[in-house]
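**Student:** what's the 3D shape of this:
(one chain, ligands or ions: 1)
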Amino acid sequence: MGQAEIIDGKKTAGEIRKEIAEAVRDMKEAGRRPPHLAAVLIGNDGASETYVNFKVKDCREVGFKSTLIRKPENISEQELLNLVADLNADEEIDGFIVQLPLPRHIDAQRVITAIDPRKDVDGFHPENVGNMVLGLPGFLPATPFGITELLRRHGISASGKHCVVIGRSNIVGTPMSILLSRNSEVGNATVTLCHSRSQNVVEIAASADILIAATGRPGSVTAEMVKSGAVVIDVGTTRVPDPQKKSGYALRGDVDFKAVSRKARALTPVPGGVGPMTRVGLLLNTMKAAKG
Ligand code: GUN
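**Tutor:** Predicted coordinates:
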């Protein structure tokens with residue numbers, strides 16, 4: 001057994017950003033305004049702040065306009081719904097996101113459902129979820145979208161393969177399982193979706209040709225869960241304390257990277273794998289929203 005190919009999401013994301021930047025230049029040359037993304041950030045959650053700051057930075061890099069709207073933790077649900085209504089009506093904004101998680105006193109699903117589906121660049125609105133299931137045009141959630149793009153650009157086809165997704169969240173595991181099982185260029189896989197109630201996860205995972213780990217439990221995917229020659233995609237980005245780092249924490253994936261890299265054919269690192277591709281998924285959706 002050799003060493004796995006490291007699937008460099010950072011590099012691929014950089015290439016896609018270049019393509020987007022060129023498309024923005026073309027738009028501007030044709031006399032159109034650049035795409036405009038708005039992000040709503042409630043409260044002061046450290047991880048959410050980091051994610052939103054990255055989104056703003058990415059917009060700048062590709063020539064999009066961006067607007068960051070910060071609101072305090074104690075905003076009422078009605079005030080947030082009013083803000084969503086304003087953003088829906090604002091013709092200068094092509095797409096927007098409300099960063100999750102929201103404070104406990106706010107019903108996140110109600111907020112998501114209030115977003116105009118044509119501006120829902122997160123792809124979380126029930127109409128976009130339904131379109132995804134049916135294979136109809138719409139916005140795909142950024143992480144699964146980014147992962148399919150990463151596989152496609154690395155010549156890794158899921159067609160006919162056994163793909164195992166561990167984790168069934170609304171924003172990663174569930175849509176990932178749907179995209180891989182659809183009859184489409186990036187789909188046509190046989191998909192097993194494992195979750196917290198699944199029995200025999202180790203055996204099921206070890207039968208995967210493509211294993212997608214989205215549990216949020218650092219190091220939980222061990223080498224015994226990986227078939228020799230499998231492709232492993234690590235969606236985990238858990239902050240763990242690390243006094244060596246300036247920030248005081250390091251990002252850990254769900255996969256035991258060192259052990260699995262001796263067994264897999266290819267795998268994504270954390271950081272530098274799925275994360276940058278998620279960010280690019282949002283940019284691609286915003287471009288699409290701007291084109292209408
Ligand atoms: N929180 C974690 N991931 C996401 C995401 O993709 N979109 C939003 N809005 N919030 C998140």
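
**Student:** near the ligand, which residues of this structure?
**Tutor:** I97, V98, Q99, L100, D122, A142, I171 (CB under 6 Å from any ligand atom). All C-beta atoms are positioned from the backbone trio N, CA, C, and that covers glycine.

**Student:** what about burial for the residues you listed, which qualify?
**Tutor:** Among those, those buried by neighbour count (16 or more other CB atoms under 10 Å) are I97, V98, Q99, L100, D122, A142, I171.

**Student:** right, and the pair among the residues you listed with maximum separation?
**Tutor:** Using CB to CB, the two most remote members of these are V98 and A142, lying 13.6 Å apart.

**Student:** intersection of neighbour lists for the two?
**Tutor:** D122 (CB atoms under 8 Å, 6 or more residues apart in numbering).

**Student:** returning to what we had before: using TSV, lay out the buried ones among the residues of the chain next to the ligand together with secondary structure and pLDDT.
**Tutor:** What follows is those, written out as TSV (DSSP: H, G, I helix; E, B strand; the rest coil; pLDDT from 0 to 100):
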residue	secondary structure	pLDDT
I97	strand	98
V98	strand	98
Q99	coil	98
L100	coil	97
D122	coil	98
A142	helix	98
I171	coil	96
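
**Student:** out of those, who's nearest H36?
**Tutor:** I97 (12.6 Å).

**Student:** in this structure, what residue is nearest the ligand?
**Tutor:** Of all residues in the chain, L100 sits closest to the ligand, at 3.6 Å by CB to the nearest ligand atom.

**Student:** you'd agree that residue is up against I171?
**Tutor:** Yes - between L100 and I171 there is a contact under CB atoms under 8 Å: 7.5 Å.

**Student:** where do the contact lists of those two overlap?
**Tutor:** Counting by CB under 8 Å, 6+ apart, nothing touches both L100 and I171.

**Student:** Now do the same contact list for the residue of the chain closest to the ligand.
**Tutor:** S48, A108, I171 are the contacts of L100 under CB under 8 Å, 6+ apart.

**Student:** How about E15?
**Tutor:** By CB under 8 Å, 6+ apart, the neighbours of E15 are R153.

**Student:** Ramachandran angles for it?
**Tutor:** phi -60, psi -40 (degrees, to the nearest 10).

**Student:** What's opposite K71 in the beta bridge?
**Tutor:** I42 (DSSP bridges).

**Student:** and it, how many residues sit next to it?
**Tutor:** Neighbours of K71 under the rule other CB atoms under 10 Å: 14.

**Student:** what's the answer for V84, then?
**Tutor:** Neighbours around V84, by other CB under 10 Å: 21.

**Student:** Disregarding flanking residues, what is the spatial nearest neighbour of it?
**Tutor:** A114 (4.7 Å; CB to CB, 6 or more residues apart in numbering).

**Student:** what about the stretch 1-150 of the chain, any weak spots by pLDDT?
**Tutor:** 1 (pLDDT under 70).

**Student:** quick one, strands of it?
**Tutor:** For the stretch 1-150 of the chain, the strands defined by DSSP state E, counting those that start in this stretch occupy 5-6, 36-42, 65-71, 95-98.

**Student:** residues contacting the closest residue to S184 other than its chain neighbours?
**Tutor:** Excluding the flanking residues, the one nearest S184 by CB to CB, 6+ apart is G135, at 6.4 Å. G135 sits next to R182, N183, S184 when contact means CB under 8 Å, 6+ apart.

**Student:** From those residues, list the buried ones, please.
**Tutor:** By 16+ other CB under 10 Å, those give R182 as buried.

**Student:** Can you tell me which of the contacts of G135 is nearest Q3?
**Tutor:** Nearest to Q3, judged by CB to CB, of the contacts of G135 is S184 at 31.8 Å.

**Student:** Kindly state the pLDDT recorded for the closest one?
**Tutor:** Per-residue pLDDT puts S184 at 96.
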